[in-house]
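Colleague: okay, here's the prediction I keep looking at, along with the sequence it came from:
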Amino acid sequence: MQHIIVAKPRPGVMLITLNRPKSLNALSKDLLVEVATALREADADDAIRVVVLTGNEKAFSAGADIKEMPTGHMPMWAEKNRLTSWKTIEKFRKPMVAAVNGWALGGGMELTMLCDIVIAGDTAKFGAPEIKIAAFAGDGGTQRLPRVVGKARAMLMGLTGDPIDAKTAGAWGLAAEIVPAAQTLERALTIAARIAEHSPLTAQMVKAETLMAFEKPLDESLSLERKLLLWQSEDHVEGIKAFVEKRKPKFTGR
């Protein structure tokens, strides 16, 4: 890996750090391919239950790498490896937590919206500045942002290109918590470790069920939820047994 750093700082947790500091972690094609590769490895590794995604103190990611943008008619968003990488990130089954400091702009903000929980440092800034170069959020931002912050706020961000600060991002729902910048990664890792204590299979189901609320009509998603409630896992049996016996459960993911 040349553009990311992969580590395992806590049991059950993989940490992916975007590592292009000179370009404020701009999302080049190669970086996205590396993130997707790491997520595929995490998906295949039963020991990994949660992924934390972060950048550095200056930037989570300043967005797409403008140097890769062509001047011709084929937009960079249509490039095969980019599309495949974004789809891999979008379809990642396990919980993913973003630790955001500094800039999260354009594709960087879009990447945070693919994470399940966003912890933002108090210096973080979120924005959709693409209109300033006669473009728009082409990696899902025009569709996901209004679902998170609502139409009026999404229009404000997308049409002005102006960023919002961490406090506003928290109030609008882009971040779950706002913490001092120096504590951002530690807080994200603590949350990830807490999630990793639970049944990994159930955590994946909670993620899938929650995302279904944004993808299907309510009556259909409720019907699917009720059908899944009929499903029984070994972890569920172990959870009930451990509760009755007043001990910590030992979840296996089955």
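Modeller: Sure, I can see it.

Colleague: for the stretch 1-150 of the chain, which spans come out with low pLDDT?
Modeller: Along the stretch 1-150 of the chain, segments meeting pLDDT under 70 span 68-78, 138.

Colleague: where does residue 88 fall, secondary structure wise?
Modeller: Here residue 88 sits within helix 80-90, counting by DSSP states H and E.

Colleague: partners of the helix or strand just after that helix, with directions?
Modeller: Next helix or strand after helix 80-90 toward the C-terminus (DSSP H and E): strand 96-100. Sheet pairing of strand 96-100 (DSSP bridges) gives strand 50-54 (parallel), strand 117-121 (parallel).

Colleague: what about the last one, distance to the chain center?
Modeller: When you say that, I think you mean strand 117-121. Relative to its parent chain, strand 117-121 has a centroid offset of 10 Å by CA atoms, centre = their mean, to the nearest Å.

Colleague: kindly report the same for the first one.
Modeller: Between the centre of strand 50-54 and the centre of its host chain there is 8 Å, according to CA atoms, centre = their mean.

Colleague: ok and the biggest helix by length in the chain relative to strand 50-54, angle-wise?
Modeller: Ranked by number of residues, the top helix in the chain under DSSP state H is helix 29-44. Orientation check (axes from the mean of the first three to the mean of the last three CA atoms, to 10 degrees): helix 29-44 against strand 50-54 gives 160 degrees.

Colleague: which residues touch helix 29-44?
Modeller: Helix 29-44 is contacted from outside by 1-4, 6, 14, 16, 18, 20, 25, 48, 51, 53, 65, 68, 76, 79, 81-82, 84-86, 88-89, 92-94, using CB atoms under 8 Å, 6 or more residues apart in numbering. C-beta coordinates here come from the backbone N, C-alpha and C atoms, glycine included.

Colleague: of those, just the buried ones, PyMOL syntax please.
Modeller: Restricted to buried positions by 16 or more other CB atoms under 10 Å, the PyMOL selection for the contacts of helix 29-44 reads:
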select buried, resi 3+4+6+14+16+18+20+25+48+51+53+65+76+82+85+86+88+89+92+94
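
Colleague: helix or strand for residue 7, which one?
Modeller: With DSSP H and E as criterion, residue 7 is part of strand 4-10.

Colleague: domains in the chain, as residue ranges please.
Modeller: Domains of the chain are assigned by automatic domain parsing as 4-196, 200-244.

Colleague: CA atoms of stretch 169-176 as CSV?
Modeller: This file holds the C-alpha atoms of stretch 169-176, laid out as CSV (Å, rounded to 0.1, in the frame of the first residue of the first chain):
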residue,chain,number,x,y,z
ALA,A,169,-22.2,19.3,10.8
GLY,A,170,-23.2,17.7,14.1
ALA,A,171,-26.4,19.7,14.2
TRP,A,172,-27.3,18.8,10.7
GLY,A,173,-26.6,15.1,11.1
LEU,A,174,-23.4,14.7,9.2
ALA,A,175,-21.5,13.7,12.4
ALA,A,176,-22.7,11.7,15.4
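
Colleague: tell me the buried residues in it?
Modeller: For stretch 169-176, the neighbour count (16+ other CB under 10 Å) marks 169-170, 172, 174-176 as buried.

Colleague: got it, and stretch 54-67?
Modeller: Those would be 54-56, 59-65, for stretch 54-67 by 16+ other CB under 10 Å.

Colleague: what comes into contact with it?
Modeller: With contact meaning CB under 8 Å, 6+ apart, stretch 54-67 is reached by 15-18, 21, 23-29, 31, 76, 98-109, 111-112, 123-124, 129-130, 133, 139, 181, 184-185, 188.
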